[in-house]
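Asker: Take a look and give me a structure for this.
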Amino acid sequence: MLVVADGNGSYGSSSRMSSNINLNKNKDSSVSISKMDLIIPFSPEVPCDNNGQRMWWAFLASSMVTFFGGLFIILLWRTLKYLWTVCCHCNIKNKEAQKVNNPMNSQADGPTKNQNDKEDVPVSEVGWMTSVKDWAGVMISAQTLTGRVLVVLVFALSIGALGIYFIDSSDPIESCQNFYKDFTLQIDMAFNVFFLLYFGLRFIAANDKLWFWLEVNSVVDFFTVPPVFVSVYLNRSWLGLRFLRALRLIQFSEILQFLNILKTSNSIKLVNLCSIFISTWLTAAGFIHLVENSGDPWENFQNSQPLSYWECVYLLMVTMSTVGYGDVYARTTLGRLFMVFFILGGLAMFASYVPEIIELIGNRKKYGGSYSAVNGRKHIVVCGHITLESVSNFLKDFLHKDRDDVNVEIVFLHNISPNLELEALFKRHFTQVEFYQGSVLNPHDLARVKIESADACLILANKYCADPDAEDASNIMRVISIKNYHPKIRIITQMLQYHNKAHLLNIPSWNWKEGDDAICLAELKAGFIAQSCLAQGLSTMLANLFSMRSYIKIEEDTWQKYYLEGVANEMYTEYLSSAFVGLSFPTVCELCYVKLKLLLIAIEYKSEQRESRSRKRILINPGNHVKMQEGTLGFFIASDAKEVKRAFFYCKACHDDITDPKRIKKCGCKRMTYSKYKFNGYVRSLEDEHPSTLSPKKKQRNGGMRNSPNCSPKMTRHDPLLIPGNEQIENMDTSVKRYDSTGMFHWCPSNDIEKAILTRSEASMTVLSGHVVVCIFGDVTSALVGLRNLVMPLRASNFHYHELKPIVFVGSLDYLKREWETLHNFPKVSILPGTPLSRADLRAVNINLCDMCVILSANQSNIDDASLQDKECILATLNIKSMQFDDSIGILQANSQGFTPPGMDRSSPDNSPVHGLVRQTSITTGSNIPIITELAKPGKLLPLVSFSQEKNSGNNIQMITELVNDSNVQFLDQDDDDDPDTELYLTQPFACGTAFAISVLDSLMSATYFNDNILTLIRTLVTGGATPELEGLLAEENALRGGYSTPQTLANRDRCRVAQLALYDGPFADLGDGGCYGDLFCKALKTYNMLCFGIYRLRDAHLSTPGQCTKRYVITNPPYEFELVPTDLIFCLMQFDHNAGQSRVSLSHSSHSSHSSSKKSSSVHIPATNRQNRSSKAREARDKQNATRMNRMGPEKRWFTDEAENAYPRNIQIKPMSTHMANQVNQYKSTSSLIPPIREVEDEC
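Answerer: Below you'll find the predicted structure:
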């Protein structure tokens, strides 16, 4: 029969009732019994005490006896051991005393004593105990896999036992249970047997048994393991102290460390705090649950209250937090006494642990997870200088809509968490961008971002740092760390200083052939500016080409309309269709431009020579001798990637009659394939027809190919003055070092800086003209900007010596001395110590007669305020623009007694005043004298330009200013209407090519990732021919090494260069007045192998009224029908002119005299015997014209021509001319000396 107990039973009774059925009395009678009659529920099925008495004391006694019994044994053993040790010690002392008193007896008893000592030491027993102890220690210390499994298993079983306690807490505190039918009791029994065995291992391995007996884990075992055995024996269960299993949670952090899950100190500390807090909380709740449901023993357990375990958990939490709602509280005396002491410790723990836990969780890295790679989707890792500006510029270009679908996920890794603005930027691109906090110097963080499976790693540099060398060192360390973790990863890194690129070569796994690239910002910045000295506006055009810009449509007929149409063009690569196989490069280029509306500027060419068959090179406008191969990769200028697909889909059979290029799509016919045999046979047939067409080519360092002057049949027929390459090489003096060891740059023996220094008076006497003035701000403490990178493109070997522009540096001598070590091997370089803010220094170098003025600063990174970083450059620019120049000097006031700068041989024709510094010929403009005579002709006044001013303003001086902060571009032009918030590429100074900011180079990172050939192409165009081999040489010696003129080095001179063509006169004058750009493109390509790719136009050329503004802007890749004006300058890629170095006979001389007969056939061959006569006649005719036009004004001057073979004196009458007119003239100089002349037959009949 079931008896309902009081409230401490688990039946939820609110009032205490007792009832009993007395089997010896009448069944119908019911008798009230005392409160202590029956308190334990039982039934006939469960063998239990029929009296219903509590047996809790038996469970508690088992634990107490075990604990205190063991403790007593340990203490007794230690006491006996201590007494034994003391006795032995006293015995030893007595024996030693006897030995001292009786030395004879000690000698006699010596062998016996040694034998007895040996017998007292049980060697075998000690070894066995030690080995067992060591084995037990290894098992519980997790040093082996078995030990770790055992430790984890014990913890897991402890949590399982705690879970069983949670289940049993819903039952009465003490109840009768059948061991064979209660599954939870059976499971708990199995767990505790395992705990008992583990306790034995721990006891054996313990060095100090007493401290082991008092450990928390030992106390937990004492009060949980023995009661289970008592439960089996008595067939009853007592919930008791089983809640102590919650104390095992304290070891949770140790278990996670064994499993290598916790590795950082913060995570270990956080888990420790949480586990201690939770285990204490649960243990205290278990004690309250026990005493409140049992009651006080001295109150005969009558003051109990029914509370579930989770209500006790709630009670303990509100108690620790000092809230104490009062809905649940302790009624028993034991419970209240416990709460008194617990609230002291619990409150202290809550007040200290909880804030620290919250702090650790709050300080936990929000972006500390790991990247999960997506199947079928690549990802790249971007690290380094991660800021809002750098990331926004990178994402704007990388994720531009003009690219094909970018199926690449970008993973940013930085050790500083992003600010709110940067975080918002990441959220806007959350589908393709992820951010993780960490450092690439930490292998763990590299593993988090899956660097081993990344497609590439991009490292951004801080362009505005105060110490560029330190920034480069940081990025190099990042490269070392990444390459050390995964040597095969492709790395693209930004470098600030050119000389630091050499350190990357020291990394064994760095391999530029496998895609590793270093984008040196100083090198490219200086190269862009240098190219602007040769063709102003080119820096803007190239910057726009590798930057992804969206097309902005403007309806008004303004200069912005044409500029933005060109800005929408970018550089792409695509494989050429098999329909182009066997065709020459100019033919394919013309077909792509006319038919496909694409501009092909270069190809990736695989040589057919055996020794270089496996190497591919990038050829820029190679010429007629290069035939398209199967699978040739082309470099195109187009508005988006979809347009470039036309070159891949083009099929002559299907698309030959299509006029709309948008209809050129993938056709269904079978593509024509060329086998290697057929292709070689086709080439051999061409060799039979034109033996010189495919003559052996010499490989260039920059990936180009030597263009033999005889390679083009058309040029061979039309140009009798063209000297074959082998003849030129034979005529070279191989004992003189004119070029560096690679043949890519002009070279001279090392000059002392004292010989290159000009005083202000010496500079004034020199009457510099056609030179480049470099205004540099810097001092002893300034970071080096790398002026060598600026000079190298201006000293490229594909210029003849007389075409080199003299370079004059104006700046602090202390700073230039630091740079001179890298400049002393370049010819025609001078220094004027001073400051660019001094007008006297600027007038001394004739800044009004220079071809280009470059303004640089090395102090831009030392200022915190971004608006003041460019103050020196802005002040110098405004200073020059505000200068006024009168006409007292004249444009050609130099005479034969002109001053020769220090360090130059006056006896050399190349270094004559005119040839060396005074009358320097520009490759973009041509000769000065023919231009003056041409402009002097009646009726030949330049349109849209007025020469009425008597004084010239500095506004007409061509200059380019380097800026650090893009927003400062608004201060360069006071008369423009640019909004301060306008992007740099939309501002007038940038569109005109007069301003350059290093931020435009950020786009090269994404451009290089999508196509590593783009960086090679850009570097080839702007650096003048820098190659990895040259970088290795500079890394060894930090200076160019001179080399003898060998056929191999001279072959490297034969490469394309960028130039500007004037349309006012010359062979393209008929197209300059209203002609179509497409006709000019085709004529230049067919006739001269020149590839046109843009226009440099006057800003107000579209206006019907003439204006005074001389500003020009860039138009990239105009359409075929684009109308030309006479004042346009055309950007083009021209071939190397072998003839210009031997005889500088101008095309304009013949074209001017034979303009009326230019329509006659130009295919008539001129006998070679008439070359010298024709040349002398042309020279005499030019001299007569000059004398006739200038004999009325000015004194007679002795003059030197700049022909290399004849530097003879000539008498010329010079007319004083306003310098304003001179600057206007410089914009319309003849293109005569620019083009390898294809001779037209003069009308001699």
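
Asker: can you list the weak-confidence ranges in the stretch 51-200 of the chain?
Answerer: Residue ranges of the stretch 51-200 of the chain with pLDDT under 70: 51-53, 100-127.

Asker: Could you list which residues are in contact with residue 167?
Answerer: Residues in contact with residue 167 (CB atoms under 8 Å, 6 or more residues apart in numbering) are residue 184. (C-beta placed from N, C-alpha, C; glycine too.)

Asker: Next, the buried residues of whatever helix or strand it lives in.
Answerer: Assigned by DSSP states H and E, residue 167 belongs to helix 145-168. Using 16 or more other CB atoms under 10 Å as the burial criterion, the residues of helix 145-168 that qualify are 147-148, 150-151, 154-155, 157-158, 161-162, 164-165, 168.

Asker: Let's have these in JSON lines, adding distance to residue 288.
Answerer: Converted to JSON lines, the buried residues of helix 145-168 look like this (distance: CB to CB, whole Å):
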{"residue": "147", "distance to residue 288": "37"}
{"residue": "148", "distance to residue 288": "36"}
{"residue": "150", "distance to residue 288": "34"}
{"residue": "151", "distance to residue 288": "31"}
{"residue": "154", "distance to residue 288": "27"}
{"residue": "155", "distance to residue 288": "25"}
{"residue": "157", "distance to residue 288": "26"}
{"residue": "158", "distance to residue 288": "21"}
{"residue": "161", "distance to residue 288": "20"}
{"residue": "162", "distance to residue 288": "16"}
{"residue": "164", "distance to residue 288": "20"}
{"residue": "165", "distance to residue 288": "14"}
{"residue": "168", "distance to residue 288": "16"}
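
Asker: and which of those residues is nearest residue 353?
Answerer: Proximity of the buried residues of helix 145-168 to residue 353 (CB to CB) peaks at residue 162, which lies at 20.7 Å.

Asker: picking that back up, report the next helix or strand after the helix holding residue 167 in sequence order.
Answerer: Helix 145-168 is succeeded, C-terminally, by strand 174-176 (DSSP H and E).

Asker: Which SSE is immediately downstream of that following strand?
Answerer: Immediately after strand 174-176, counting by DSSP H and E, sits helix 183-205.

Asker: What helices and strands are in contact with that next one?
Answerer: helix 123-140, helix 145-168, helix 209-213, helix 216-234 (3 or more CB pairs under 8 Å, 6 or more residues apart in numbering; DSSP states H and E).

Asker: can I get the CA coordinates of that helix in CSV?
Answerer: In CSV, the C-alpha atoms belonging to helix 183-205 read as follows (Å, rounded to 0.1, in the frame of the first residue of the first chain):
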residue,chain,number,x,y,z
PHE,A,183,18.0,1.9,-15.5
THR,A,184,19.2,5.2,-14.2
LEU,A,185,20.6,3.6,-11.1
GLN,A,186,22.3,0.9,-13.2
ILE,A,187,23.9,3.6,-15.4
ASP,A,188,25.0,5.6,-12.4
MET,A,189,26.5,2.5,-10.9
ALA,A,190,28.5,1.8,-14.0
PHE,A,191,29.8,5.4,-14.1
ASN,A,192,30.8,5.3,-10.4
VAL,A,193,32.7,2.0,-10.9
PHE,A,194,34.7,3.7,-13.6
PHE,A,195,35.3,6.7,-11.3
LEU,A,196,36.5,4.3,-8.6
LEU,A,197,39.1,2.9,-11.0
TYR,A,198,40.2,6.3,-12.1
PHE,A,199,40.4,7.3,-8.4
GLY,A,200,42.8,4.4,-7.9
LEU,A,201,45.0,5.5,-10.8
ARG,A,202,45.1,9.0,-9.4
PHE,A,203,45.9,7.7,-5.9
ILE,A,204,48.8,5.6,-7.2
ALA,A,205,50.2,8.5,-9.3
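
Asker: For it, buried residues please.
Answerer: Quick answer for helix 183-205 (16+ other CB under 10 Å): 185, 188-189, 191-192, 194-195, 198-199, 201-202, 204-205.

Asker: What are the boundaries of the helices in the stretch 201-350 of the chain?
Answerer: 209-213, 216-234, 252-258, 265-294, 309-320, 333-363 (DSSP state H, counting those that start in this stretch).

Asker: possible to save those as JSON lines with distance to residue 810 and mean neighbour count?
Answerer: Putting the helices of the stretch 201-350 of the chain into JSON lines (distance: least, CB to CB, whole Å; neighbours: other CB atoms under 10 Å) gives the following:
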{"stretch": "helix 209-213", "distance to residue 810": "83", "mean neighbour count": "15"}
{"stretch": "helix 216-234", "distance to residue 810": "81", "mean neighbour count": "20"}
{"stretch": "helix 252-258", "distance to residue 810": "66", "mean neighbour count": "18"}
{"stretch": "helix 265-294", "distance to residue 810": "57", "mean neighbour count": "20"}
{"stretch": "helix 309-320", "distance to residue 810": "77", "mean neighbour count": "19"}
{"stretch": "helix 333-363", "distance to residue 810": "54", "mean neighbour count": "14"}
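
Asker: would you turn these into TSV with distance to residue 553 and mean pLDDT?
Answerer: Listed next are the helices of the stretch 201-350 of the chain as TSV, based on distance: least, CB to CB, whole Å; pLDDT from 0 to 100:
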stretch	distance to residue 553	mean pLDDT
helix 209-213	85	88
helix 216-234	78	88
helix 252-258	61	87
helix 265-294	55	90
helix 309-320	67	90
helix 333-363	50	87
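
Asker: Go through these and name the closest to residue 632.
Answerer: Each of those was scored for nearness to residue 632 using CB to CB, and the closest is helix 265-294 (56.1 Å).

Asker: Could I get the phi/psi values of residue 300?
Answerer: phi 60, psi 30 (degrees, to the nearest 10).

Asker: Now do the helices for the stretch 951-1100 of the chain: every range, in order, please.
Answerer: Under DSSP H, counting those that start in this stretch, the stretch 951-1100 of the chain gives helices at 988-992, 1003-1010, 1012-1023, 1028-1037, 1047-1051, 1069-1072, 1077-1088.

Asker: any idea which helix is longest in this protein?
Answerer: The longest helix of the chain (DSSP state H) is helix 56-101.

Asker: What is that one packed up against?
Answerer: Using 3+ CB pairs under 8 Å, 6+ apart, helix 56-101 sits against helix 103-108, helix 209-213, helix 216-234.

Asker: quick revisit: so for residue 807, which of the helices and strands packed on helix 183-205 sits nearest?
Answerer: Of all those, helix 145-168 comes closest under CB to CB, at 71.8 Å.

Asker: how about the helices and strands packed on helix 183-205, which one is nearest residue 827?
Answerer: helix 145-168 (73.7 Å).

Asker: between that closest one and helix 265-294, what angle do the directions make?
Answerer: 40 degrees (axes from the mean of the first three to the mean of the last three CA atoms, to 10 degrees).

Asker: shouldn't residue 59 be in contact with residue 237?
Answerer: No - counting by CB atoms under 8 Å, residue 59 sits too far from residue 237 to count as a contact (9.0 Å).

Asker: Need the overlap of contacts for these two.
Answerer: The contact lists of residue 59 and residue 237 share residue 231, where a contact means CB under 8 Å, 6+ apart.

Asker: Quick check: the residue nearest to residue 1135 when sequence neighbours are not counted vs residue 622, distance?
Answerer: Once flanking residues are discounted, residue 1135 sits nearest to residue 1089: 5.1 Å by CB to CB, 6 or more residues apart in numbering. Separation of residue 1089 from residue 622 (CB to CB, to the nearest Å): 9 Å.

Asker: if I pick residue 401, what's in contact with it?
Answerer: Counting by CB under 8 Å, 6+ apart, residue 401 has contacts residue 550.

Asker: Does it belong to a helix, a strand or coil?
Answerer: Under DSSP: H, G, I helix; E, B strand; the rest coil, residue 401 falls in the coil class.
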